[in-house]
Every structure is written in structure tokens, then in C-alpha cells.
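*Asks:* using only what follows, build the 3D model:
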Amino acid sequence: MLAGTAAAFVVTEQLKLEPDPIARPRITPTFSPTCRCETQTAQVAFRLNQPDRLTLTIEDAQGQVVRTLLSDASFQRGNHTFGWDGRDQNGQVVPEGEYRPRVELAKLDRTIEFPRVINVDTTPAELEITRLRPRVISPDGDGRADTLTIRYRASEPVHAVLLVNGRQEGRTALRRSGAIVWSPKGRRRGPYRLSVASVDQAGNRSRPTGPFDVRIRYVNIAAEVIRARPRAGFSVLVSTDARRYSWRLGRRRGSARVRILRLRAPAQPGRYPLVVEVSGRRDTALVVVRRP
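*Replies:* Prediction:
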């Protein structure tokens with residue numbers, strides 16, 4: 001008994017002193033085989049310290065082999081990377097859950113189960129928009145309503161993706177909740193449709209939330225045509241978030257700070273352009289002067 005115990009002790013110590021045949025394993029933690037994205041394949045990578053014949057399999061949580069990726073294949077010493085598409089031996093996508101890669105080394109007669117598991121996730125996250133302000137944006141650089149902020153929360157950490165008229169224009173870091181900011185500097189005035197989608201860690205993309213109608217406005221005259229008698233007073237609503245704007249009617253010029261612009265019509269009948277301007281952006285209305 002003493003001799004057997006001593007021999008087992010010697011073998012155990014020898015195994016401890018032997019270098020690990022596989023080093024620096026790199027396992028994809030989460031992926032979606034149905035996302036049609038960069039993360040639709042899981043990678044199993046490691047360094048083989050000496051030549052051997054490998055059998056690489058994927059096991060489910062019950063220890064059952066669902067896929068054999070390699071079967072007694074010879075490899076030289078060095079770094080090796082293998083991919084798993086998330087499907088079983090029959091080509092069907094495996095159910096969601098945890099899976100573990102396992103390597104059998106024929107020459108050393110050893111089996112190595114990696115400590116890290118691969119999580120198969122094919123369900124997109126649920127995304128909720130909690131706030132969207134302002135709906136009217138004026139990106140003129142004056143610090144008032146220059147940007148739009150969309151706050152969101154999701155059922156798991158996601159990248160929030162901003163879509164403007166159907167095209168992607170922003171993407172946040174991976175987090176469960178946060179805000180995405182749209183800075184439409186230099187955009188033309190007019191309506192825009194915004195929506196937000198989410199991409200989770202596995203690569204699953206949700207349906208866009210929205211769309212939300214917003215408008216870019218620098219300065220706007222509420223009326224397109226204004227009719228007045230000669231030298232008669234008239235008023236028109238000017239929409240802007242600027243503290244001051246300039247106006248021009250015929251040869252007269254001025255500036256105003258009020259939303260309702262009150263002016264006097266020219267003395268001669270005719271058609272006169274009314275121009276209001278803020279930071280190089282302008283809007284025009286037509287003032288038609290007629291005799292009674």
C-alpha cells in the first residue's frame with residue numbers, strides 16, 4: 001500500500017511539472033448564429049504547445065456532444081482558431097443556452113474542457129424610449145435646442161442605434177440604459193423621422209422603435225403671403241429660438257427680439273419680399289400691397 005501510494009504521488013507530481021499542452025485559450029462568450037452579423041460565429045482559439053491529433057467537440061449543459069468540429073485531425077505546434085456556427089450535427093440551430101468546447105489530444109491521451117462557456121443567444125433585447133426632446137431643433141450653435149436627446153432603457157446591455165430617415169447615424173456603447181444625442185449641424189430645415197434600434201452583445205438587432213417626427217427650424221415666418229394696404233400696419237409670427245433676428249422689407253431693415261413682428265406696409269402698391277435671418281439662415285414671405 002505504501003509503495004502504491006508513493007508511486008501515485010510521483011505520477012501526480014510529474015503531471016504537475018509537465019507543461020500544459022494547450023495555452024492562452026480564447027473563447028467567444030456570447031454570439032447569435034441567426035443575427036447575420038460579425039458575431040454569428042463563435043471562435044475557439046488556443047495555442048498548441050506540441051504537435052498532436054485533435055478532436056474538438058461542443059457539449060451542451062448536460063454534457064452531451066451536439067457538434068463535432070474536428071475528428072482526429074493533425075495539427076502542428078502554434079496558434080489555432082476554429083469556428084462554430086451554432087448548429088448541431090444535423091445543421092439545425094441549437095437552442096439558447098450555455099455550451100462548452102472540449103479538446104481531446106490523441107498522443108497525450110488527454111481531454112481538456114475549457115473553463116469558459118459559449119452562450120447562444122438568438123432573442124433581441126426589448127428597448128423602450130423614455131424621453132425624446134426637443135421635437136423642434138435649431139442647430140445654429142447658439143446653445144439653445146442645438147441637439148436632440150433620446151433616453152432609453154433595455155432588458156439587457158445593448159448598443160442603441162439611431163436611424164434618421166432610415167439611415168444609421170449614431171451608435172452608443174454597450175449599456176443597459178442611457179442616452180443617444182443627435183447633432184444635426186448643417187442640416188437643411190424641414191421634417192425628419194427618427195427611430196432607435198438595439199443590438200445586444202450577441203449581435204441580435206431589435207425592430208426599430210418609432211418613428212418619431214422631429215423638425216429642424218432655424219427661423220420661420222408663419223405666413224407665406226401677407227396682404228396689406230399701403231402704409232397699413234400688419235403683424236406676422238416669426239418662429240425661432242434665437243434671442244434676436246434681423247428682418248428686411250423692401251429697402252427697410254431692422255432687428256427684433258419678439259415672436260410677433262409688427263411692421264408697416266410700403267406706401268406703393270406692389271409685391272415685396274419679407275426676409276428674416278438668423279446666423280446666415282433665412283426665411284422669406286411675400287407682402288402684397290394693394291389699394292383698397
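*Asks:* for stretch 128-140, buried residues please.
*Replies:* Residues I129, L132, I137, S138, P139, D140 are the ones in stretch 128-140 that count as buried (16 or more other C-beta atoms under 10 Å). C-betas here are computed from N, CA, C, even on glycine.
*Asks:* ditto for stretch 158-174
*Replies:* Judged by neighbour count using 16+ other C-beta under 10 Å, the buried positions of stretch 158-174 are V158, H159, A160, V161, L162, L163, V164, G170, T172.
*Asks:* go on, stretch 36-53?
*Replies:* Of the residues in stretch 36-53, those buried by neighbour count under the rule 16+ other C-beta under 10 Å are T39, Q40, A42, V44, F46, L48, D52.
*Asks:* pLDDT averaged over that stretch, what's the number?
*Replies:* For stretch 36-53, the mean per-residue pLDDT is 93.
*Asks:* centre of the chain versus that stretch, how much separation?
*Replies:* In this view, stretch 36-53 has its centroid 28 Å away from the chain centroid, taken as C-alpha atoms, centre = their mean, to the nearest Å.
*Asks:* quick one: low-confidence ranges for this structure?
*Replies:* In the predicted model of the chain, residues 1-19 satisfy pLDDT under 70.
*Asks:* hey, which strand is longest across it?
*Replies:* strand 148-164 (DSSP state E).
*Asks:* so which elements touch that one?
*Replies:* For strand 148-164, the contact count by 3 or more C-beta pairs under 8 Å, 6 or more residues apart in numbering; DSSP states H and E identifies strand 127-133, strand 167-171, strand 175-182, strand 190-200 as packing neighbours.
*Asks:* make CSV from the ones you listed and add distance to R251 to it.
*Replies:* Conversion of these to CSV gives the following (distance: least, C-beta to C-beta, whole Å):
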stretch, distance to R251
strand 127-133, 41
strand 167-171, 43
strand 175-182, 41
strand 190-200, 31
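*Asks:* quick one: closest of those strands to R110.
*Replies:* Of all the helices and strands packed on strand 148-164, strand 190-200 sits nearest to R110, with 36.4 Å by C-beta to C-beta.
*Asks:* do you know which of the helices and strands packed on strand 148-164 lies nearest A61?
*Replies:* Judged by C-beta to C-beta, the one of those that comes nearest to A61 is strand 190-200, at 20.9 Å.
*Asks:* packing partners for that closest one?
*Replies:* Other elements packing on strand 190-200 under the criterion 3+ C-beta pairs under 8 Å, 6+ apart are strand 127-133, strand 148-164, strand 209-216.
*Asks:* strand partners (parallel or antiparallel) of the second one?
*Replies:* Put plainly, it is strand 148-164. Sheet pairing for strand 148-164, assigned by DSSP bridges, gives strand 127-133 (antiparallel), strand 167-171 (antiparallel), strand 175-182 (antiparallel), strand 190-200 (antiparallel).
*Asks:* quick one: it to chain centroid distance?
*Replies:* Centroid displacement of strand 148-164 relative to its chain, using C-alpha atoms, centre = their mean, is 7 Å.
*Asks:* please apply the same query to the shortest one.
*Replies:* Here strand 127-133 is found 15 Å from its chain centre; the criterion is C-alpha atoms, centre = their mean.
*Asks:* in the sheet, who's paired with the spatially closest residue to A242 that is not a sequence neighbour?
*Replies:* By the measure of C-beta to C-beta, 6 or more residues apart in numbering, the closest residue to A242 outside its immediate chain neighbours is V278, 4.4 Å from it. As for beta bridges, V278 partners with R281 under DSSP bridges.
*Asks:* ok, now how distant is V278 from Y152?
*Replies:* 32 Å (C-beta to C-beta, to the nearest Å).
*Asks:* between the helices and strands packed on strand 148-164, which one is closest to R229.
*Replies:* In this view, the helices and strands packed on strand 148-164 are compared for proximity to R229 by C-beta to C-beta, and strand 190-200 is the closest at 33.7 Å.
*Asks:* any idea of the angle the closest one forms with strand 209-216?
*Replies:* Comparing the axes of strand 190-200 and strand 209-216 via axes from the mean of the first three to the mean of the last three C-alpha atoms, to 10 degrees yields an angle of 150 degrees.
*Asks:* for strand 190-200, what is the distance to the chain centroid?
*Replies:* Average the C-alpha atoms of strand 190-200, do the same for its chain, and the two points are 10 Å apart (C-alpha atoms, centre = their mean).
*Asks:* which residues sit against that strand?
*Replies:* If you take C-beta atoms under 8 Å, 6 or more residues apart in numbering as the criterion, strand 190-200 is touched by 32, 37, 121, 124-125, 127, 129, 132, 148, 150, 152, 154, 156-166, 171, 180, 182, 184, 205-216.
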